[in-house]
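# Turn this into a structure:
(2 chains)
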Amino acid sequence: MSQKIYVTGIGLISAIGDNVEQTLDSLTRGKTGIGELELIDTIHKTRIKVGEVKHTNEELIKRVGLPADTKITRTSLLGMIAAKEAMMWAGIKDTNDFRTGIVSATSVGGMAITENNFNDYLNVEKTGDFLDYILTHDCGDSTEVMAKYLHIKDYVSTISTACSSSANSIMLGARLIKNNMVDRVVVGGSDSLSKFTINGFMTLMILDKEQCKPFDKDRKGLNLGEGAGFIVLESERAAAGKEILCELTGYGNSNDAYHQTASSPTGDGAFLAMEKALRLSGLKPKDIDYINAHGTGTEVNDLSEGTAIHRIFGDAVPMISSTKAFTGHTLGACGGIEAVLSVLAIKYNLVFPSLNFTNQMNELKFRPSTVLETEHPINHVLSNSFGFGGNSSALIFSRH
Amino acid sequence: MGAYIKGIGIVSPQKTFNTKTFLTETVEHTTNSLRCIEPYYPEFINPVLARRMSRTIKMGIAAAMVSLRDAKVEMPDAIITGTALGCWEDTEKFLVAMIENSEQLLTPTAFMQSTHNTVSSQIALLLKCMNYNFTYVNKGFSFESAVLDAMMMLGDSDAKNILVGAHDEMTEKYFNITKRVGFWKEEAVATSEVLRSTTNGSVSGEGAAFFVLGKEKGEDDYAQLRSLKMIFEPENEHQVEEKINELLSENGLTCADIDVVVYGKSGDVRYDKIYSHLEDTLFKNSASVSFKPLCGEYQTSSSFALWEAAMMLKTQTIPTAIQVNKQPKSEMKNVLIYNHFMNTYHTAFLLSQC
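Below you'll find the model as predicted:
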């Protein structure tokens, strides 16, 4: 299976920008998207900081050009915007010229609407067009909506493996091309903030009240975020004559098999995922120029991931940063968003800063990059994503 | 592609769990919402852990463990699960508590177990299985996506045995909610009467089924799973016929080679037409069997059909409870499953005798 997988398009929306251009601008200026929660009504509003996309659903509906009364979830809307940008970047106007698929990922699907309508759904006295939202709850719904919007029909699937979901959709996309199921595939993920998620993470007590500090000795937890990130993968044949942004050369999936929500202190799942990705890419650890870490800022993740990184790289850890302090932890979307950032790192030879880092962790020998690095050639980027249930994934993007 | 079915574990509204008997007796339910007959769990799950688990997690784990034991496989090379709603009971529990208590006094257990990948993860945790672990959540294509991935993986990696399965559960609240979009029958129907029903809607169902799919042929395999197709919102009957013919010809077969077709008739008068059409046209010479009266309608119900087809091929028998018309003329060699959920997600599986 030596077939090459080309990345020809990127698109994203998050708290730091509505598209690639705005995102790059925020990243290079060190401008975080984390701040007050404005669009969700919750009692925790003042107790948390989030990476929120500051557009109402009405504004997003308008932006994608749908009628104002369309019954559609925020997860779908964010996904449509990011996936469309990725397709435009790849110059795909016709989805009939090559077999085209879409694999998306989400952790809560339409929950942001379900949680508000739930009692009304159960109240048979109450009727109205809000009932049209019932079937938008399922995770698979947002992918179908995106597929119809983008006229994609050759393969449509959805993955939900918690916070590693969209890294897995990228991995599946590559395998679909290698197995000759499709010629190109739009892959990534989308998640919107919801009261359900906010309350869930509150009970786990892993939310930082202030800006998160990935890999810092005094890190207090993560900031939730929302958004969507998609990339277009194409076979050599489908990508012929196009600008190749980079190649997806490696991917690995493993399970930590340690605990339902916590990572093992030895980082076994993370270690295996990175090891598999490296093996597939044929690269040595020393070939990696930049690690875009999962780096959520929780006590457990950063220790587990950092330990696994040392197990792979020894003391020679490449430049590393977590961009979660820009975007927040976008859960099912983070693998997609960070894949886009990894592609940008290669395209412009950049290493994005890990914001809010001050003190090095005692257990680790590396410090993340805290300023924008522009002077180093970035040829190979490793992007990590880990989730509840021990799901661990690693992707490697390489200069073409 | 293609895979050998080496082990099966299935929890359903029938006595299907951990038994080699094949529907020798059926449980006659009279309801519009079938519930699973739950296994005795202590054999599979530590009771201390089980106490905190929802039904779908326990049913999923029990089905997975039995399928591995059945296949004599200790450590699968991958765990791949399909579920439309994931761990809905836990999701609902946390959601209701959050709404009723105005976001206060919540505890984390239900939230922690509400993620869609919980069953896949818990199986990995129990087995200490650090291999590939995936969960598909694609409405009526969830199980199909999982099976397709497993078949792809048997071809593109050194994986030998893959644990692949599906689970979905129904709760009273979710039944009432989805009844509002016309999924379910208003009235209770007896299991043996479902296919004679003349009303709109199906009898809802649920289940958990896991299969060990292997790369190499063995002596005790149930059947060979050769291929599958998904058709999203087919425009007409012609498109369905075309896809079925494509599936058969890709495997060097024609309609005449199909001895038995397992149809997903649910007793919903709006949506059963396509099955009757196929019975009268492409497969007028094949025997017809049903499965949905026994397990009910749910997004991953084709996993029940896959068990049924595998059992028919292995035992070379068709239990009377599922027999719709004629018996096959001779030995059963090839079985086709044709199923759809709410006329949106159409799927076809092709199996052959080993």
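# mind checking pLDDT for the residue lying closest to A:D69 once chain neighbours are set aside?
Distance criterion Cβ to Cβ, 6 or more residues apart in numbering or on different chains; nearest residue to A:D69, sequence neighbours excluded, is A:D129 at 7.7 Å. Bear in mind the C-beta positions are built from the backbone N, C-alpha and C, glycine included. At A:D129, the model reports a pLDDT of 94.
# List phi and psi for A:D129.
For A:D129, the backbone dihedrals (degrees, to the nearest 10) come out as phi -80, psi 0.
# Enumerate the residues of the stretch 251-400 of chain A near chain B.
Proximity of the stretch 251-400 of chain A to chain B (Cβ under 8 Å from any Cβ of the partner chain) is limited to residues A:253-261, A:268-269, A:272, A:387-391.
# Can you turn the buried subset of these into a selection I can paste into PyMOL?
Buried residues among those (16 or more other Cβ atoms under 10 Å in any protein chain shown), as a PyMOL selection:
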select buried, chain A and resi 253+254+255+256+257+258+260+261+268+269+272+387+388+389+390+391
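# Now for the closest residue to chain A within the stretch 251-354 of chain B: which residues touch it?
Going by Cβ to the nearest Cβ, chain A is nearest to B:Q299 of the stretch 251-354 of chain B, at 8.2 Å. B:Q299 sits next to B:84-85, B:139-140, B:142-143, B:168, B:341, B:345 when contact means Cβ atoms under 8 Å, 6 or more residues apart in numbering or on different chains.
# 7 Å instead?
B:Q299 makes contact with B:84, B:139-140, B:142, B:168, B:341, according to Cβ atoms under 7 Å, 6 or more residues apart in numbering or on different chains.
# Of the residues you listed - the most surrounded one?
Highest neighbour count within the contacts of B:Q299: B:S142, with 34 neighbours (other Cβ atoms under 10 Å in any protein chain shown).
# Helices of the stretch 251-354 of chain B, residue ranges please.
Secondary structure of the stretch 251-354 of chain B (DSSP state H, counting those that start in this stretch): helices at B:273-280, B:292-295, B:302-315.
# Cross the residues of the stretch 251-400 of chain A next to chain B against strands and list the overlap.
A:253-255, A:391 (DSSP state E).
# quick check, nearest of the residues you listed to B:G7?
A:N255 (20.3 Å; Cβ to Cβ).
# Wait, the closest one touches A:G390, no?
Yes - using Cβ atoms under 7 Å, A:N255 is in contact with A:G390, at 4.5 Å.
# any idea how far A:D25 lies from chain B?
Applying Cβ to the nearest Cβ, to the nearest Å, the value for A:D25 to chain B is 34 Å.
# Output the contacting helices and strands for the lowest-mean-pLDDT helix or strand in chain B.
In chain B, the helix or strand scored least confidently by mean pLDDT, DSSP states H and E is helix B:47-50, which has a mean of 93. For helix B:47-50, there is no helix or strand it packs on, judged by 3 or more Cβ pairs under 7 Å, 6 or more residues apart in numbering or on different chains; DSSP states H and E.
# Show me what secondary structure element comes after it.
helix B:55-71 (DSSP states H and E).
# who does the helix or strand following that following helix pair up with?
Heading C-terminal from helix B:55-71, the first helix or strand you meet, by DSSP H and E, is strand B:78-82. As defined by DSSP bridges, the strand partners of strand B:78-82 come to strand B:132-136 (parallel), strand B:161-168 (parallel).
# need the next SSE after strand B:78-82, C-terminal direction.
helix B:88-100.
# what comes into contact with that following helix?
A:115, A:118-119, A:195-196, A:199-200, B:54-56, B:106, B:110-111, B:113-114, B:169, B:171, B:173-174.
# any low-confidence regions in the chain?
The chain I'm using is chain A. A:1-2 (pLDDT under 70).
# right idea, wrong chain: chain B
The low-confidence ranges in chain B, as defined by pLDDT under 70, are B:1.
# Pop the domain breakdown of it in here.
Following automatic domain parsing, one gets these domains for chain B: B:3-214, B:223-352.
# Would you reformat those domains as JSON lines and include distance to A:K242?
Output for the domains of chain B, formatted as JSON lines (distance: least, Cβ to Cβ, whole Å):
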{"stretch": "domain B:3-214", "distance to A:K242": "25"}
{"stretch": "domain B:223-352", "distance to A:K242": "28"}
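# just the ones you listed: most buried one?
Neighbour counts (mean count of other Cβ atoms under 10 Å in any protein chain shown) averaged over each of the domains of chain B peak at domain B:3-214, with a mean of 21.
# Are there residues contacting both of A:N255 and A:G390? Which ones?
A:269, B:121, B:124.
# and the gap between the first one and A:S263?
So the one you mean is A:G269. A:G269 is 7 Å from A:S263, where distance means Cβ to Cβ, to the nearest Å.
# Mutual contacts of the two, please.
Listed contacts common to A:G269 and A:S263 are A:256, A:386; contacts here mean Cβ under 7 Å, 6+ apart.
# Strands along chain A, start to end?
A:6-14, A:34-35, A:50-51, A:100-105, A:155-159, A:184-191, A:224-225, A:227-234, A:246-255, A:290-292, A:319-321, A:380-386, A:391-398.
# The nearest residue to A:L350 once chain neighbours are set aside - how many residues pack around it?
Of all residues not flanking A:L350 in the chain, A:T374 sits nearest, at 6.1 Å (Cβ to Cβ, 6+ apart). Here the number of neighbours of A:T374 (other Cβ under 10 Å) works out to 11.
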